[in-house]
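Novice: What would the 3D arrangement of this be:
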Amino acid sequence: MMAAPAVQALAGPGGRLAPAASSPQRQWAASHLRGLMNLFLPSFREDGRTLDEEAIRHDVRHAIAQGFSGTMPMINWTLPGDPRWAQFHRIVIDEARDALPVHGVLPSGKVETDLTMLRALEDMGVQLVLLASTYPAESSADQLHDLMAARIAATSLPVMLYAATGRRAFPALGPAGQPLDVYNRIADMGNVVAVKISQPVSLTSTMQLCQKLGDRLSMGPVNLDFLPLLSRHFRIDWSGQWNAEAVQTPARQLGNRLLAASAAGDTAKLDALARDIEPVLSHFFAVQAPVIRAGAHPWQHNRYYQWLGGGNGGLLPRDSHAPEGAIPVLDAKARAAMRAAFRASGLEPTDAPEEQFVVGRAAWARGVRAGDLADLPYYSED
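Specialist: Model prediction:
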């Protein structure tokens, strides 16, 4: 148990720490950063290269049905400079319209590259950008601040910081690689509105981030398992830009309900919902966390979770950015375990044939079958 004075010091004399809506961008964040937001995965036609517009639009509608409050296109297969990068974003934005804010990501290690990408994202109509740029590992606190600030100052869009591990961590600048003092300075920029806290970031580091920044920025931990503790001390309204389809379906929106209880400070409801979501959440994190730490994502597993709840599905092409051997194969045992986790949390998985997942719902309806695909990456029937 934490001693009463320590709890008071953590939460502050007024109760839970919460961000002030002190700029137009932070007012936007207070209204729009609510509940779950997903990472939007692309769909491709049988050649594994051509975007499947019909399938992408299906998944936008599915994200809306899930009650998500935002979505971010994942660009690993459609990098800037590839014409499909803009095509992908435009399809998502057109289908989302006013029903689903679309977020962009700045992933580059070069300021000018990110600024060019930022201008294109603004022109296309994204409503928020995630600052996921990479920086020289030896950066000093001042250098890191200046590199981040150069990107942030170049836009009036709301900007979300990314607290992460691996190559986006800074061991010399803060505990567990989190540059708390740099983030503290950056948080004074009015269009910085939030922090996405990656799943492998520890509970201790997450608490430190929330305590340092929670008076100005809206904090969004990916690890929902932290909510029963965090929400007693900080206002936590959202979690996002991850495979949120893994923990709920449109008919049973456990994640959204969990975050609504967190935002309201309803600890009794939050604790009850945490018990409900635990089987599917624990299974997802057991699959996801080790792959994230290895520098990749379990792409076909992520895709299968999405399909179980009504998403398009369809195998993703090989990820050339992932370390060799980091992405696991989706086999029959893994698929059965996902279905079991869904049912243990009261989620009803689709009863469509497994081959529909392999090609995707839109392609299946067009008559495409697994034998028509050029490749079956990271997938096994057995």
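
Novice: Give the buried residues for stretch 160-177.
Specialist: Judged by neighbour count using 16 or more other CB atoms under 10 Å, the buried positions of stretch 160-177 are 160-165, 169-170, 173-174, 176-177. Yep, even glycine has a C-beta here, placed from its N, CA and C like the rest.

Novice: just how off-centre is that stretch within its chain?
Specialist: Relative to its chain's centre, stretch 160-177 lies at 17 Å (CA atoms, centre = their mean, to the nearest Å).

Novice: Report the mean confidence score over it.
Specialist: Per-region confidence: stretch 160-177 scores 93 on mean pLDDT.

Novice: Return it as PDB; C-alpha atoms alone will do.
Specialist: In PDB, the C-alpha atoms belonging to stretch 160-177 read as follows (Å, rounded to 0.1, in the frame of the first residue of the first chain):
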ATOM      1  CA  MET A 160       1.400  13.900 -30.100                       C
ATOM      2  CA  LEU A 161       4.700  12.900 -28.500                       C
ATOM      3  CA  TYR A 162       5.800   9.200 -28.500                       C
ATOM      4  CA  ALA A 163       7.300   7.800 -25.400                       C
ATOM      5  CA  ALA A 164       8.900   4.500 -26.500                       C
ATOM      6  CA  THR A 165      11.700   2.000 -26.000                       C
ATOM      7  CA  GLY A 166      14.400   0.700 -28.300                       C
ATOM      8  CA  ARG A 167      15.800   3.100 -30.900                       C
ATOM      9  CA  ARG A 168      13.300   5.800 -29.700                       C
ATOM     10  CA  ALA A 169      14.600   5.800 -26.200                       C
ATOM     11  CA  PHE A 170      17.400   7.900 -24.700                       C
ATOM     12  CA  PRO A 171      19.100   6.100 -21.800                       C
ATOM     13  CA  ALA A 172      21.500   9.000 -21.100                       C
ATOM     14  CA  LEU A 173      18.700  11.500 -20.800                       C
ATOM     15  CA  GLY A 174      16.300  10.000 -18.300                       C
ATOM     16  CA  PRO A 175      15.100   6.900 -16.400                       C
ATOM     17  CA  ALA A 176      14.300   3.900 -18.600                       C
ATOM     18  CA  GLY A 177      15.300   6.000 -21.600                       C
END
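
Novice: So what would you say the end-to-end distance of stretch 212-224 is?
Specialist: Across stretch 212-224, the straight-line distance between its terminal residues is 20 Å, by CA to CA, to the nearest Å.

Novice: buried set for it?
Specialist: Judged by neighbour count using 16+ other CB under 10 Å, the buried positions of stretch 212-224 are 212-214, 216-224.

Novice: Check stretch 198-209 too.
Specialist: Within stretch 198-209, the residues that qualify as buried are 198-201, 205-209, counting by 16+ other CB under 10 Å.

Novice: okay if I get the residues you listed as TSV plus distance to Ala340?
Specialist: Converted to TSV, those look like this (distance: CB to CB, whole Å):
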residue	distance to Ala340
Ser198	27
Gln199	22
Pro200	25
Val201	28
Ser205	32
Thr206	29
Met207	33
Gln208	36
Leu209	34
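
Novice: how close does Asp375 sit to Leu79?
Specialist: Computed as CB to CB, to the nearest Å, the Asp375 to Leu79 distance reads 20 Å.

Novice: could I get the buried residues of stretch 160-177 as JSON lines with secondary structure and distance to Tyr183?
Specialist: Listed next are the buried residues of stretch 160-177 as JSON lines, based on DSSP: H, G, I helix; E, B strand; the rest coil; distance: CB to CB, whole Å:
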{"residue": "Met160", "secondary structure": "strand", "distance to Tyr183": "12"}
{"residue": "Leu161", "secondary structure": "strand", "distance to Tyr183": "6"}
{"residue": "Tyr162", "secondary structure": "strand", "distance to Tyr183": "10"}
{"residue": "Ala163", "secondary structure": "strand", "distance to Tyr183": "8"}
{"residue": "Ala164", "secondary structure": "coil", "distance to Tyr183": "12"}
{"residue": "Thr165", "secondary structure": "coil", "distance to Tyr183": "15"}
{"residue": "Ala169", "secondary structure": "coil", "distance to Tyr183": "12"}
{"residue": "Phe170", "secondary structure": "coil", "distance to Tyr183": "10"}
{"residue": "Leu173", "secondary structure": "helix", "distance to Tyr183": "10"}
{"residue": "Gly174", "secondary structure": "coil", "distance to Tyr183": "8"}
{"residue": "Ala176", "secondary structure": "helix", "distance to Tyr183": "13"}
{"residue": "Gly177", "secondary structure": "helix", "distance to Tyr183": "12"}
